[in-house]
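Asker: When you get a sec, could you give me coordinates for this:
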Amino acid sequence: MILLAPEDQSTVYTIDSEGTLYSMPINSEGSINFNDMIEVESVDELDDEEVNEIHEKLISMMKAVGWYFQK
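Answerer: Now for the predicted structure:
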């Protein structure tokens, strides 16, 4: 699993092999509970451009290691 944590967020993001974007909160101790993973269905506290940028970075990283398989 590849994770991306934008500097100005208290959230970490990942995608599955088909490109579905998920988010998880980073708790106050700095750890992540993978049971808190939720699918990103709307922009919530991020704007569209930032969500797209996060998503594209994750796709690029997943392609680089051969873990991304577009539908």
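Asker: how close does the residue in the chain sticking out farthest from the centre get to residue 10?
Answerer: In terms of distance from the mean C-alpha position of the chain, residue 29 ranks first, at 19.7 Å (CA atoms, centre = their mean). Applying CB to CB, to the nearest Å, the value for residue 29 to residue 10 is 12 Å. C-betas here are computed from N, CA, C, even on glycine.
Asker: coming back round to it: so what does the residue farthest from the centre of the chain look like in phi/psi?
Answerer: Residue 29 adopts backbone torsions of phi -80, psi -10, taken as degrees, to the nearest 10.
Asker: list the contacts for it?
Answerer: Going by CB atoms under 8 Å, 6 or more residues apart in numbering, residue 29 touches no other residue.
Asker: Kindly report the same for residue 13.
Answerer: 3, 4, 5, 6, 21, 22, 23, 24, 40, 54, 58.
Asker: What sits closest to residue 15 if chain neighbours are left out?
Answerer: residue 58 (4.5 Å; CB to CB, 6 or more residues apart in numbering).
Asker: mind checking the SS state of that neighbour?
Answerer: helix (DSSP: H, G, I helix; E, B strand; the rest coil).
Asker: wait, isn't it in contact with residue 2?
Answerer: Yes. Using CB atoms under 8 Å, residue 58 makes contact with residue 2 at a distance of 6.4 Å.
Asker: got any residues that touch both of the two?
Answerer: Contacts common to residue 58 and residue 2, judged by CB under 8 Å, 6+ apart, are 14, 15.
Asker: the more surrounded of those two?
Answerer: Set residue 58 next to residue 2 and count neighbours by other CB atoms under 10 Å: residue 58 wins out with 21 against 16.
Asker: Quickly find the element holding the residue most central in space within the chain.
Answerer: Nearest residue to the geometric centre of the chain (CA atoms, centre = their mean): residue 13, 2.1 Å. Using DSSP states H and E, residue 13 falls within strand 11-15.
Asker: next one: residue 24
Answerer: Residue 24 belongs to strand 21-25, assigned by DSSP H and E.
Asker: got it, and residue 69?
Answerer: Residue 69 is part of no helix or strand when elements are defined by DSSP H and E.
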